[in-house]
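*Asks:* Quick one, fold the following:
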Amino acid sequence: MMAEKMVSTVQSPLLKNPRRSEMNTPSKPQVIVVTGASSGIGRAIARAFGARGAKVGLIARNEDGLTAAAEEVRGAGGEALILPLDVADAAAVEAAAARVEAELGPIDVWVNNAMVTVFAPVMEVTAEEFRRVTEVTYLGYVYGTQAALRRMQPRDRGTIIQIGSALAYRSIPLQGAYCAAKAAIRGFTDSLRTELIHEGSHVRLSMLQLPAVNTPQSTRQRNKLPKQALPMPPLYTPEAIAEIVVWAAEHAPREMLIGRPTVQAVWGQKLLPALLDLYLGKKGIKPQMADQPNEQHGQDILFETLPGDPGAHGPYRDRERGPDLQMRLRTRLPAVTAMGLGSLVVLGLAGRRSWNSSKWNS
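*Replies:* Below is the predicted model of the structure:
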């Protein structure tokens with residue numbers, strides 16, 4: 001708990017400029033809903049919005065984690081509402097959305113992030129496990145999106161952010177259920193986006209495709225491997241992702257590929273899918289297993305949560321990193337583009353003057 005509070009005081013490199021942060025802070029506190037807010041990326045997202053003075057609805061099953069997350073949001077300067085529920089329960093998600101609007105106000109941003117997974121070969125995953133991953137990791141996004149739209153569409157405003165993954169494009173071994181769910185979210189989101197365009201809606205819809213992040217899932221998600229699970233390196237900090245989510249809530253890009261590994265995975269799949277199949281078939285299993293033995297002993301959060309506060313970070317603090325160059329440039333793309341165009345104009349004018357001068361002198 002104390003460690004997580006210490007992490008919350010560290011400012012992300014993406015927000016080093018305090019003037020920039022103040023400029024982007026809305027004059028009226030925003031109302032944000034984050035699913036999967038008790039740990040990992042969701043925890044960091046909630047904290048980042050709290051630092052902007054937002055009112056944050058926190059959805060997850062783990063009440064210990066939600067309580068700690070609420071304390072961090074309030075400590076950062078925001079308001080928090082704890083909403084313990086399972087996102088696989090559509091009625092519970094709908095009721096939570098109604099409670100947020102009754103107690104905090106109209107929802108401005110809804111972030112779908114909750115997930116579960118099973119680390120195992122496809123033939124070792126049971127039908128019940130496949131169903132559960134699908135119900136939470138895919139249908140949980142559908143239910144959250146629908147609950148948000150029921151409130152945003154009549155007002156004709158609001159932003160929905162889907163936390164996706166590079167695995168929505170490029171599947172890897174040992175994560176068949178999770179990869180399928182993330183791909184389903186992408187298909188669902190693209191379909192919904194066309195409907196909103198058809199209706200002329202001003203509700204904004206973004207999907208953020210993430211790289212591997214050091215979160216508690218490595219030791220809390222169901223693992224049938226002999227060794228402790230390790231997200232495919234390199235690993236990023238939850239805070240680096242959270243600050244991009246805050247940026248996306250303001251700018252609402254259609255889709256963002258976050259981090260160099262995500263860009264490589266997506267474009268590799270577009271250009272050389274068969275080669276990636278062969279590579280991952282031969283080299284894609286070992287990097288997902290740490291040197292430590294799997295000590296879960298049947299304790300995981302697939303069907304029921306575990307007690308205690310998991311925090312935002314996983315066990316690999318020594319391997320995680322902050323935002324890379326791609327992430328820094330991606331959030332500054334309009335400015336970079338403007339600078340580039342400005343440089344071209346200046347060079348063009350200089351070239352024209354030089355040409356005119358040489359022509360005149362001749």
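*Asks:* Relative to residue 155, how far out is residue 105?
*Replies:* Per C-beta to C-beta, to the nearest Å, residue 105 is found 12 Å from residue 155. Backbone N, C-alpha and C define where each C-beta goes, glycine included.
*Asks:* and what of residue 125?
*Replies:* 41 Å.
*Asks:* Those two: which is more packed in?
*Replies:* Neighbours per residue (other C-beta atoms under 10 Å) separate residue 125 from residue 155, with residue 125 holding more: 20 against 12.
*Asks:* number of nearby residues for the closest residue to that one other than its chain neighbours?
*Replies:* Closest residue to residue 125 apart from its sequence neighbours, by C-beta to C-beta, 6 or more residues apart in numbering: residue 118 at 5.3 Å. By other C-beta under 10 Å, 24 other residues sit near residue 118.
*Asks:* which ones are touching residue 118?
*Replies:* Counting by C-beta atoms under 8 Å, 6 or more residues apart in numbering, residue 118 makes contact with 125, 129, 133, 177-178, 221-224, 302.
*Asks:* In strands, which of these fall?
*Replies:* 222-223 (DSSP state E).
*Asks:* Nearest to residue 90, out of the contacts of residue 118: which one, please.
*Replies:* residue 133 (16.7 Å; C-beta to C-beta).
*Asks:* so what's that closest one scoring on pLDDT?
*Replies:* At residue 133, the predicted lDDT confidence score is 98.
*Asks:* again, but for residue 24
*Replies:* You'll see residue 24 listed with a pLDDT of 42.
*Asks:* The one 10 residues further on too?
*Replies:* Turning to residue 34, the model gives it a pLDDT of 98.
*Asks:* before we move on, what about the one 4 residues further on?
*Replies:* pLDDT, the model's per-residue confidence, is 98 for residue 38.
*Asks:* Identify the residues contacting it.
*Replies:* By C-beta under 8 Å, 6+ apart, the contact list for residue 38 reads 58, 60-62, 64-66, 68-69, 309-310.
*Asks:* from those residues, which is closest to residue 216?
*Replies:* Of all the contacts of residue 38, residue 216 sits closest to residue 310, with 4.1 Å by C-beta to C-beta.
*Asks:* my guess is that closest one contacts residue 62, does it?
*Replies:* Yes: between residue 310 and residue 62 there is a contact under C-beta atoms under 8 Å: 7.0 Å.
*Asks:* can you redo the contacts of residue 118 as a markdown table with distance to residue 289?
*Replies:* What follows is the contacts of residue 118, written out as a markdown table (distance: C-beta to C-beta, whole Å):
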| residue | distance to residue 289 |
| --- | --- |
| 125 | 17 |
| 129 | 19 |
| 133 | 20 |
| 177 | 18 |
| 178 | 16 |
| 221 | 14 |
| 222 | 15 |
| 223 | 9 |
| 224 | 12 |
| 302 | 19 |
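*Asks:* Which single one of the contacts of residue 118 is nearest to residue 146?
*Replies:* When the contacts of residue 118 are ranked by distance to residue 146 (C-beta to C-beta), residue 133 comes first, at 19.8 Å.
*Asks:* distance of that closest one from residue 209?
*Replies:* According to C-beta to C-beta, residue 133 stands 19 Å off from residue 209.
*Asks:* repeat for residue 178
*Replies:* 14 Å.
*Asks:* go on, residue 281?
*Replies:* Remark: distance between residue 281 and residue 209 (C-beta to C-beta) = 23 Å.
*Asks:* Tell me which of those two has more neighbours.
*Replies:* residue 209 (23 against 11).
*Asks:* Now do the contacts for residue 160.
*Replies:* Contacts of residue 160 (C-beta under 8 Å, 6+ apart): 109-110, 112, 145, 148-149, 152, 203-206.
*Asks:* Now go through those residues and say which are in helices.
*Replies:* 145, 148-149, 152 (DSSP state H).
*Asks:* Pipe those into TSV and attach pLDDT and neighbour count per row.
*Replies:* Formatted as TSV, these follow (pLDDT from 0 to 100; neighbours: other C-beta atoms under 10 Å):
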residue	pLDDT	neighbour count
145	98	21
148	98	25
149	98	20
152	98	24
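*Asks:* Let me have these in TSV, extended by distance to residue 323.
*Replies:* Converted to TSV, the ones in helices among the contacts of residue 160 look like this (distance: C-beta to C-beta, whole Å):
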residue	distance to residue 323
145	27
148	27
149	31
152	29
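*Asks:* ok, so of those residues, who is nearest residue 79?
*Replies:* residue 148 (18.9 Å).
*Asks:* these two touch, right, the closest one and residue 158?
*Replies:* Yes: under the criterion of C-beta under 8 Å, residue 148 makes contact with residue 158 at 6.6 Å.
*Asks:* Need the residues touching each of these two.
*Replies:* Residues touching both residue 148 and residue 158 by C-beta under 8 Å, 6+ apart: 107, 110.
*Asks:* Now name the helix or strand holding residue 198.
*Replies:* Secondary structure from DSSP states H and E places residue 198 in helix 176-199.
*Asks:* Show me what that helix is packed up against.
*Replies:* helix 127-133, helix 139-155, strand 159-165, strand 204-210 (3 or more C-beta pairs under 8 Å, 6 or more residues apart in numbering; DSSP states H and E).
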